[in-house]
Each structure stands twice: as structure tokens, then as C-alpha cells.
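In: Fold the following for me, if possible:
(chains A and B, ligands or ions: 2)
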Amino acid sequence: MNPFPMLLADLRALRWTAPAIVLLVAIAIASGIAIGAQERALRQGSARAADDFDLIVGAPGSQTQLVMSTVYLQPDALPLLDGRILQALAQDERVAAFAPLGFGDVSRGYPVIGTTAAFAGRWGRIAPSEGRLFAAEGEAVIGADVNYRPGDTIAPSHGTAGSQGRHGEDSEEEHAHRHEGHGYTVVGRLPKLGSPWDRAILVPIESVWEIHGLGNGHASEAATSDAPFWHAGTTRTGTPPETIGRIGPPFDGKRVPGVPAIVIKPKSVAGAYALRAQYRQGGTMAFFPAEVLVSLYGALGDIRSILVVASAANTVLILLSVVLLLIAVNGLRRRRYATLRALGAPRSYVLLVTWLGAALLIATGCILGLGLGLAATHAVSGLVAARTGLALSPSVGIGELSQAAMLCLVGSVLAALPALASYRAPVLSGLRAD
Amino acid sequence: MPSSPLPDGHAATLVLDQLTLDRRDGDGRSFSILAIPALTLEPGTSLGVSGPSGSGKSSLLHLVAGLITPSAGRVSWGDTVVSALAEGERDRWRRRTIGFVFQDFHLVPELDVAANIALPASFSSWRLDAVDRRRALDLAEQMGLADPRRRAAVLSRGEQQRVAIARALFGKPALLLADEPTASLDAARSEAIGALLVEAATRCGASLICASHDAALLARMDRRLDLTPTPAKHAT
Ligand SMILES: Nc1ncnc2c1ncn2[C@@H]1O[C@H](COP(=O)(O)OP(=O)(O)OP(=O)(O)O)[C@@H](O)[C@H]1O
Ligand SMILES: [Mg+2]
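Out: Ligands and ions are numbered 1, 2, ... in the order given. Purely as a prediction, here's the structure:
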């Protein structure tokens, strides 16, 4: 038995309806797949971005806001922590490393973040892909996607919360708020992290403090204050200047300026919980970013569930209407199939022709939908990456594949309905039909 | 497979015995469409069925082909009681035995001439072998169909009729049933096709039943059956 000549004739008889059915099914499948794959990519990408942020301490406020500002670098005005905490942390047995984070300045739309060289190197996890980490005030190491080059001088501007210029472009707004006479020399570039930090300019926290006239947080302040770092624009890249004061912890000055956030790398899990408990009192808050992400993922998951159910319902409706359409089409083809029977075709032949036809359309739609869904996910991920710097690596997982396979199966079973209707039709009434 | 030597490919005796076909009309009353007390057709004989429109010529051919079952009586072909076969077996018997030329041709418009002619081969075998393909093209040529690649949708009625005849002959049937095979043809073509039908049937030793109004075609047949109703037929 070879149903294909007849099958092709049937598909040809459908003309543009056949590709339309395929496209309809494909779009239905694609939306479901894109939602699933995108949500997972978003979750993985955002979790990866939070990798080096074990414990965050900040002034009391919104944990979510603090995570958004520190991990994802969303500009926001944050209350400050007392700088003395930095001194306490330096003494703390449970702390393996810590780094203050100072936000607020921008250059060409890139946030300028004050921190320690150790955190810029992600506690030793990454090494600069070009040049070196900053080693003195007035030096900067840039994220992978920042369009400065080593050796460039960066003039920071005071960021106005909410109005972050376009990345990589000078703006009027920035120009108006420039910290006159201050500049950083780019001494290195970090490798790609796949997080918004790829678009950040990292400088010593001391420089950020000094630009804002707060001193440098070190005991040696007086000794170095007459060699202001902004003249450091003339220092050579590659040779850390000796003349300029030590940077990084401990911050042992009499008056350590405040910072909006501190990232802590605890020595142990127990230590981490103890630290979190301690800094939850006394005018600070402390939390694991993972906690915030889990609750965010919870919300994200709820949205996803709703969308998935909605798109599944959509898909089933589309499959049903396709099946109804095919039943109607086969009704119009009664005479055609009756003729086959009258010529000696067994019922199973007619069943096969009609079922294969419907199943082929639906299966093609499913496969096309899989591709379309993947393409849509990549497009959305590209948009997300362009907007936030969060690198997403969307992939079609078992979940999406089985979803498509499931719908394909359901479609094929449903496709049997029009086929059975044709199977049962009596031959002669079919021959007399028009 | 149509080209393989058919064990039951040679005509057997067709026997119609006390055959009646009743249908209900709109009011639910039963009326008789066809009543044939007895008819025996020897193998290789041709029968012309005549009668006015609505007299049941097509119905008789459908009964013989096993497309409908009689209300009473039986149709037998050799040892096979066709009217008593189960549907699947009847399909198989029909495929091996019958070549049917429908009154309305019933071609597949999307397929070309050759594919329409060879279509019955796809019911039983996966691939159309070279012999079958050759045969389809030969039949098209015999029927005066110049271009076997033309789609059936664009053919004239006369051309469609010739494709329908070629398709019926494709399986080398033992019993050829033709429902008004010359109705759409011009006089010259009628002559040729009539001769061809009879000749094709004779060549493969097939029995032939033609329902027709065409006196010339009927004249070619060995025997005649007139279904013109007698007043008694409509009693009940
Ligand atoms: N399923 C059915 N129900 C009711 N009446 C039917 C049915 N099938 C056939 N008939 C009737 O039986 C009669 C015979 O029909 P048939 O098609 O056999 O005539 P015919 O001799 O072939 O006519 P024509 O020369 O016009 O082709 C017609 O009156 C038709 O309406
Ligand atoms: Mg008729």
C-alpha cells in the first residue's frame, strides 16, 4: 500500500490552506516553547550574575532593590551604611574577604563603581584579559563591554538616579554633572562575565570617596592628601605608582566614609549565617542574594505557569480548530475517498491517506514551531542582553522537546478523528455525494 | 499486484439470483429500484444494459461491483458469493476482479493522467514498477491521450472519460463494468472507445457489462438486458 500519491494530491488540493495550517500550529507551539526556554535562560543567567555575591550588607531598605543595584547595577539612590562596619569586618574571623561597593558616578553611561581590586578580580576567580587590575587611586579596570581602551582617561560624572545615558555614548546630562578635574586611567579590562558588570568601570573605592570629598578612609590620609590622585591621569599603565597611598582593606582611617553596600565572602556556611544574623540588627540589613532571587524566581515561575497554561490552552484550541477544518475538508472529499474505495482501495488505505495528511500537517507545524520557538527565544535573549548586559544562553531543553512531542502526539491522535470519519463513510453514498 | 498473474484474474460466471434492491422514499415507504429474477453471464461474455434514466442501470452495476448489497437475492462470481462477503473481503475481491468506469469518471483532479491511470496500483503495492508505469503510458496512448503529464483537472469531459476507461483497464480486470462509457464522447470517438472496450475485454478474456443509451455501443454487446420498467415493478 502506498498512500503517498494520494496524500500529495490531497495536500495539493488544500493549496495555501496547508501552509497556513502548518504556520498556525507552529506559532502555537513556538509561543509555549519560547516562554519555557526564556524563563529558564533568564533564571540561569541571573543566577550566574549573582555568583560572587555571597552575602550583601546594606542600610535597611528593600532587599530586592539592593540586589538590583549591586548585582544587576540598576541605578538607584541607596542609603549609606556606616563606614565603621568596614573596620569591624576587617577584624572579623568569619570573613574571608569583603568589598565595599560605591555607586553613583557614570561615564558614557557606564556606571563607575568603587570597590577593591580583590572584588574586581572576583576574589581571584578572574584575571584581566588585558592589562591589570587597578593598584592605585586614579586607576580603573573596565568591564569587557565598555568601549574605553586601556590608557584612556575616564572623566566620571555624578549620576542622576534614573537617567542613565545610553551605554558607550557621551551625553549632555553627563557633561553637565562632570566632576571637574578628576580622571581615571584605564589600566586593564576584565574578561566577559555575562552580567551587567561587563558594562561597569571599576575603580578603587577610595577614589570615589575622595571625588566626593570624603577622604580616603585610610590612616595614611594626611600623608598622601597633597598628592591628589586625579593628577594620576599622567601615570603610565603597567607600572603601579609608588607615590600614591595604599588602597583596599583594611580601611583604618579615623573617619571611614559610608558606602551603600558591602559584599562579603564568608569563610564557612556557618559563618555566613552568623554574619547574616549579626548584620540584620543595629541599623543594617544582611542577606544572601540567592534568597531574593529565589523569591523573584517564585514570582517569575508563577507568571510562567500562567503563560504556559494560557499558551497550552491556545495550542489545544488551534489544534482543535485545525482538526475541525480537516473534518470539514474530508466531508467535502467524501466522493473522492468513496471513489478510491470503489476502485478497490481498502478502508485502511483511506484511513492512512487521511490520517497521514492531517498528522503530517500537524507534525510539520510542531517541528517548525520548535525552530520558531528557539529563534524567538534567541531574539528575546538578545534584547535582554542588549538592555541589561545579562548574557542568556537559551536552549531547548527536555521540557520543551517533550512539550512539542506531546502536542505533536495529541495532534496526531486528534488527526485520527477526520480520518475515522472518512473511514466509516459508506462507499456508495459517498459516490453519489457532491 | 495488478501486473502479476492473477489466480482469479480470469473471468468466472456471474450469476444474479432473485436480486432485488429496495429503497425508502421520502415518506418512508419502500419502493423497488431493481428486480432481476435470474441472470447468468458466461465468462468472457458482454452484456449491454439499457433502459431510461432512473431505471436502475447504475444501481445494477454498483450491486455487481459489491458497492452496495442487495435487499434480497445474491450476486455470485464463480464460487464467490459477492453479496455475502464482509466489507474488507469485498474490497479485496473488487480490487482483483473489477474494473469500473464511473458515470461521473471520478478522477483525482490533482494527479496527472498517468498517475490517475496507475492509482489502483498504489492500493496494494508500495512502488510502481517499470512494467506498470509502461502499461499506464500505453493505456493513455491507446485512449488517444497525447500528454500523460497533464493534470486531470484541466481535461475535457471526453478526455476524462478516456482516462477513466484506461484506469479501469489498468488492473487487467476479469469483469469490466462501464457506466455509460461513451456518454461524453463525439460520435467518432464513441465508435473507437466502444471498439476498444470490447477489444480490451476480449483480449484479457474479461466479461463486460456496459450500461448505455448508445445504440451503437449496445449493438456491440453479446447480450442485452432492458431495464425499462413494466407497470408491475412499481406495485407495493
Ligand atoms: N440510496 C438511494 N435512495 C433512494 N433512491 C435511490 C438510491 N439510490 C438510487 N436511487 C434511485 O434509484 C433509481 C435508479 O437510479 P440509477 O442511478 O441506478 O439510474 P440509472 O438507470 O443509472 O439512470 P441514468 O441513466 O440517469 O444514469 C433512481 O430513481 C434513483 O433516484
Ligand atoms: Mg446511471
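
In: now what about the least confident helix or strand in chain B by mean pLDDT, what contacts it?
Out: Least confident element among the helices and strands of chain B, by mean pLDDT, DSSP states H and E: helix B:187-203 (a mean of 85). The contact list for helix B:187-203 (CB atoms under 8 Å, 6 or more residues apart in numbering or on different chains) reads B:44, B:46, B:142-144, B:158, B:161-162, B:165, B:169, B:176, B:178, B:181-182, B:185, B:206-208, B:210, B:214, B:216-217, B:220-221. In this view, the C-beta of every residue, glycine as well, is placed from N, C-alpha and C.

In: Can you mark which positions in it are buried?
Out: B:Arg189, B:Ser190, B:Glu191, B:Ala192, B:Ile193, B:Gly194, B:Leu196, B:Leu197, B:Val198, B:Ala200, B:Ala201 (16 or more other CB atoms under 10 Å in any protein chain shown).

In: Same check on stretch B:81-89?
Out: In stretch B:81-89, counting by 16+ other CB under 10 Å, buried: B:Val82, B:Ser83, B:Leu85.

In: So the second one is in contact with B:Leu67, correct?
Out: When you say that, I think you mean B:Ser83. No. The criterion here is CB atoms under 8 Å, and B:Ser83 misses it with B:Leu67 at 11.2 Å.

In: low-confidence ranges in the stretch 151-300 of chain A?
Out: A:160-166, A:168, A:180-181, A:219-246 (pLDDT under 70).

In: same deal with chain B?
Out: Filtered on pLDDT under 70, chain B yields the residue ranges B:1-9, B:231-236.

In: Dump the buried residues of helix B:187-203 to TSV, plus distance to ligand 1.
Out: Below are these laid out as TSV (distance: CB to the nearest ligand atom, whole Å):
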residue	distance to ligand 1
B:Arg189	20
B:Ser190	16
B:Glu191	21
B:Ala192	22
B:Ile193	18
B:Gly194	17
B:Leu196	22
B:Leu197	18
B:Val198	21
B:Ala200	23
B:Ala201	21
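
In: got a markdown table for those, with distance to A:Ile35 too?
Out: Formatted as a markdown table, the buried residues of helix B:187-203 follow (distance: CB to CB, whole Å):
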| residue | distance to A:Ile35 |
| --- | --- |
| B:Arg189 | 64 |
| B:Ser190 | 67 |
| B:Glu191 | 71 |
| B:Ala192 | 67 |
| B:Ile193 | 64 |
| B:Gly194 | 68 |
| B:Leu196 | 65 |
| B:Leu197 | 65 |
| B:Val198 | 69 |
| B:Ala200 | 64 |
| B:Ala201 | 66 |
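
In: And A:Leu86, how far from A:His218?
Out: To A:His218, A:Leu86 is 11 Å away according to CB to CB, to the nearest Å.

In: Name the residues contacting each of the two.
Out: Common neighbours of A:Leu86 and A:His218, using CB under 8 Å, 6+ apart, are A:Phe251.

In: So for those two, which residue has more residues nearby?
Out: A:Leu86 (25 against 22; other CB atoms under 10 Å in any protein chain shown).

In: will you turn the buried residues of stretch B:81-89 into TSV that also has distance to chain A and secondary structure?
Out: Below are the buried residues of stretch B:81-89 laid out as TSV (distance: CB to the nearest CB, whole Å; DSSP: H, G, I helix; E, B strand; the rest coil):
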residue	distance to chain A	secondary structure
B:Val82	13	helix
B:Ser83	14	helix
B:Leu85	13	coil
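
In: Out of those, which comes closest to A:Ala274?
Out: Nearest to A:Ala274 among the buried residues of stretch B:81-89 is B:Leu85, at 88.6 Å by CB to CB.

In: Report the spatially nearest residue to the closest one, omitting neighbours in sequence.
Out: B:Trp93 (6.1 Å; CB to CB, 6 or more residues apart in numbering or on different chains).

In: The residue nearest to A:Leu86 when sequence neighbours are not counted: what secondary structure?
Out: Distances taken as CB to CB, 6+ apart place A:Phe251 nearest to A:Leu86, at 4.5 Å, with adjacent residues excluded. Assigned by DSSP: H, G, I helix; E, B strand; the rest coil, the conformation of A:Phe251 is coil.

In: Kindly provide the distance from A:Phe251 to ligand 2.
Out: 106 Å (CB to the ion, to the nearest Å).

In: same deal with A:Gln38?
Out: 63 Å.

In: Now for that residue: which residues touch it?
Out: Counted by CB under 8 Å, 6+ apart, A:Gln38 has contacts A:Thr377, A:Val380, A:Ser381, A:Leu392, A:Pro394.

In: wait, the second one sits on A:Ala34?
Out: Going back to what we said before, that points to A:Val380. Yes. The pair A:Val380 / A:Ala34 is scored as a contact, 6.9 Å apart, by CB under 8 Å.

In: Compare neighbour counts for those two and give me the winner.
Out: Of the pair A:Val380 and A:Ala34, A:Ala34 is the one with more neighbours under other CB under 10 Å, namely 25 against 18.

In: okay but that one is in contact with A:Gly373, surely?
Out: Yes. Applying CB under 8 Å, one finds A:Ala34 in contact with A:Gly373, separated by 4.7 Å.

In: What number of residues are in the vicinity of the closest residue to chain A within chain B?
Out: Chain A sits closest to B:Arg95 of chain B, with a gap of 2.8 Å, by CB to the nearest CB. Number of residues near B:Arg95 (other CB under 10 Å) recorded here: 20.

In: what's the answer for B:Asp147, then?
Out: Other residues close to B:Asp147 by other CB under 10 Å number 11.

In: What helix or strand is it located in?
Out: Using DSSP states H and E, B:Asp147 maps to neither a helix nor a strand.

In: And for it, nearest residue in space, chain neighbours not counted?
Out: Closest to B:Asp147 by CB to CB, 6+ apart is B:Val113, at 7.1 Å.

In: so what's the one you found up against?
Out: B:Ala140, B:Leu145, B:Asp147, B:Pro148, B:Arg149, B:Arg150, B:Arg151, B:Ala152, B:Leu155, B:Val163.

In: Scan these and report the most crowded one.
Out: B:Val163 leads the contacts of B:Val113 on contacts (other CB under 10 Å) with 26 neighbours.

In: got a list of contacts for the host helix or strand of that one?
Out: Using DSSP H and E, B:Val163 sits in helix B:157-170. Contacts with helix B:157-170, where a contact means CB under 8 Å, 6+ apart, come from A:343, B:2, B:99-102, B:105-107, B:113, B:116-121, B:135-136, B:139-140, B:142-145, B:152, B:155, B:176-178, B:181-186, B:189, B:193, B:196-197, B:200.

In: buried subset of those residues?
Out: A:343, B:2, B:99-102, B:105-107, B:113, B:116-121, B:135-136, B:139-140, B:142-143, B:145, B:152, B:155, B:176-178, B:181-185, B:189, B:193, B:196-197, B:200.

In: Neighbours of residue 213, how many?
Out: In the absence of a named chain, chain A is used. Neighbours of A:Gly213 (other CB under 10 Å): 7.

In: oops, I was thinking of chain B
Out: 14.

In: So it: helix, strand or coil?
Out: Relying on three-state DSSP, one would call B:His213 coil.

In: Please report how far it lies from B:Asp179.
Out: From B:His213 across to B:Asp179, the span is 11 Å (CB to CB).

In: shared neighbours of the two, anything?
Out: Contacts common to B:His213 and B:Asp179, judged by CB under 8 Å, 6+ apart, are absent.

In: which ones are touching the residue in the stretch 251-400 of chain A positioned nearest to ligand 1?
Out: At 13.0 Å from ligand 1, A:Ala338 is the closest residue in the stretch 251-400 of chain A, using CB to the nearest ligand atom. In this structure, A:Ala338 makes contact with A:Ala425, A:Pro426, A:Val427, A:Leu428, A:Ser429, A:Gly430, A:Leu431, A:Ala433, judged by CB under 8 Å, 6+ apart.
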